[in-house]
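Visitor: structure for the following, please:
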Amino acid sequence: MAFQPGPAGYEGGSRGGDTAELLPGRGRRNRRKRRRALAAALAVAGLTGVVVAGFGVDSQLQPRTFTPSQQRRIEAWEVASRWRTTPKTGLFPSSVRYRFGGRPFGTTRRITLTARRLGIAAQASCAKAVVAHPWLLAALRRDDCAAVLRATYADASSSLVLTVGIVVLRDSADAEAIAGELVAGRTGRTGRTAAGRGGISRQLLLRPVHLSDTPAALFGLPQRQLTWVRAAGSYVVAATVGFADGRPRVKITGDIYVTQEITSLAGGVTAAVAAPLGAPAPVPRCPGALTAC
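Guide: Below you'll find the predicted structure:
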């Protein structure tokens with residue numbers, strides 16, 4: 001029986017042979033190329049996804065940055081919150097050193113004296129702690145006076161007593177405007193300069209805090225001799241001084257010694273209270289950053 005030749009590329013002797021014995025054709029080669037191209041495309045896509053994800057994670061891990069405007073707002077907020085975050089004993093130190101003497105007495109020598117804290121009053125509203133002309137009360141209401149914190153001190157000899165108050169306002173512009181008006185009688189650059197260094201107020205301003213069984217037991221509204229005012233950040237720091245013996249207000253401008261004694265005490269205590277309140281806030285640091293933003 002003769003065998004018939006099979007089709008081209010067929011090596012078996014029967015049509016019923018295993019088709020795996022067929023030689024690879026052009027179609028099979030094309031399919032393999034397509035599979036390789038698809039695998040390469042998937043690999044590239046996967047690598048791209050990993051890179052993109054990596055950039056996303058890296059951006060999440062980068063420290064946040066603040067704009068200059070945001071930094072200023074954060075710093076202002078830090079200063080404005082000090083009256084809440086600082087203990088009252090930190091706002092009103094137990095003792096304050098102040099200087100007395102100098103030019104009014106024809107000498108360059110000044111002595112250092114110490115005022116001691118007698119007590120700290122409960123927080124009060126501006127309406128209850130401030131006794132002043134209606135224009136000032138209206139200005140305080142307009143500028144959102146939040147509260148007044150007060151403490152009373154005695155001078156080194158216990159012959160003078162002083163109530164110092166922290167008037168909490170909305171921002172530093174309000175504090176400078178009110179203090180400048182009180183000290184210089186006007187607002188603007190001159191008023192702000194006067195407010196920053198402090199001076200005698202044309203309003204007596206504070207309601208004194210008298211304390212039983214202390215040198216301030218007789219200290220009330222009639223005993224107020226003068227008030228010293230200065231601005232510090234978003235606060236007005238004011239001190240009202242009087243005599244411990246209960247004498248009512250008297251004319252002291254003609255007595256250089258008494259005037260210097262009173263103003264030295266008032267200026268020294270207000271400066272000590274104002275310094276930490278108005279100190280520049282630290283530059284904000286972004287979360288995760290080792291340096292300022």
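
Visitor: where does the stretch 151-293 of the chain have low pLDDT?
Guide: Scanning the stretch 151-293 of the chain with the threshold set as pLDDT under 70 gives 185-196, 282-293.

Visitor: how about the strands in it?
Guide: 160-168, 199-200, 224-232, 235-243 (DSSP state E, counting those that start in this stretch).

Visitor: domains in the protein, by residue range?
Guide: The chain breaks down by automatic domain parsing into domains covering 24-61, 77-278.

Visitor: circling back: to residue 123, which of the strands of the stretch 151-293 of the chain lies closest?
Guide: Residue 123 lies closest, by Cβ to Cβ, to one member of these: strand 160-168, at 9.4 Å. To be clear about C-beta, it is placed using only N, CA and C from the backbone, and glycine gets the same treatment.

Visitor: and that closest one with strand 235-243, angle?
Guide: For strand 160-168 against strand 235-243, the angle by axes from the mean of the first three to the mean of the last three Cα atoms, to 10 degrees is 160 degrees.

Visitor: coming back round to it: dump the strands of the stretch 151-293 of the chain to a markdown table, plus mean neighbour count.
Guide: A markdown table is the format used below for those (neighbours: other Cβ atoms under 10 Å):
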| stretch | mean neighbour count |
| --- | --- |
| strand 160-168 | 28 |
| strand 199-200 | 16 |
| strand 224-232 | 25 |
| strand 235-243 | 28 |
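
Visitor: ok, which of the ones you listed comes nearest residue 83?
Guide: When the strands of the stretch 151-293 of the chain are compared by Cβ to Cβ, strand 160-168 sits nearest residue 83, at 5.2 Å.

Visitor: can you list the strands that the closest one pairs with?
Guide: strand 147-154 (antiparallel), strand 235-243 (antiparallel) (DSSP bridges).

Visitor: in TSV, list the ones you listed along with distance to residue 210.
Guide: Formatted as TSV, these follow (distance: least, Cβ to Cβ, whole Å):
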stretch	distance to residue 210
strand 147-154	7
strand 235-243	10
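
Visitor: from residue 157, how far out is residue 101?
Guide: As for residue 101, its distance to residue 157 is 15 Å (criterion: Cβ to Cβ, to the nearest Å).

Visitor: ok, residue 161 to residue 135 distance?
Guide: As judged by Cβ to Cβ, residue 161 and residue 135 stand 28 Å apart.

Visitor: and the end-to-end length of stretch 77-87?
Guide: 18 Å (Cα to Cα, to the nearest Å).

Visitor: name the residues of stretch 144-163 that come out as buried.
Guide: Neighbour counts over stretch 144-163 (16 or more other Cβ atoms under 10 Å) mark 145-156, 160-163 as buried.

Visitor: please name every helix or strand in contact with the longest strand belonging to the chain.
Guide: As assigned by DSSP state E, the longest strand anywhere in the chain is strand 110-120. Under the contact criterion of 3 or more Cβ pairs under 8 Å, 6 or more residues apart in numbering; DSSP states H and E, strand 110-120 touches strand 95-101, strand 147-154, helix 256-278.

Visitor: list of residues touching it?
Guide: The contact list for strand 110-120, computed with Cβ atoms under 8 Å, 6 or more residues apart in numbering, reads 88-89, 92-102, 149-156, 161-162, 209, 211, 214-216, 264-265, 268-269.

Visitor: partners of the nearest residue to residue 240 once chain neighbours are set aside in the sheet?
Guide: Of all residues not flanking residue 240 in the chain, residue 206 sits nearest, at 4.3 Å (Cβ to Cβ, 6 or more residues apart in numbering). Assessed by DSSP bridges, residue 206 has beta-bridge partners residue 130.

Visitor: now do the SS call for residue 83.
Guide: Put simply, residue 83 is helix when judged by DSSP: H, G, I helix; E, B strand; the rest coil.

Visitor: tell me the contacts of it?
Guide: Applying Cβ under 8 Å, 6+ apart, the residues contacting residue 83 are 91, 147, 149, 166, 168, 235, 277.

Visitor: hmm, the third one is touching residue 122, no?
Guide: Going back to what we said before, that points to residue 149. No - using Cβ atoms under 8 Å, residue 149 is not in contact with residue 122, being 9.1 Å away.
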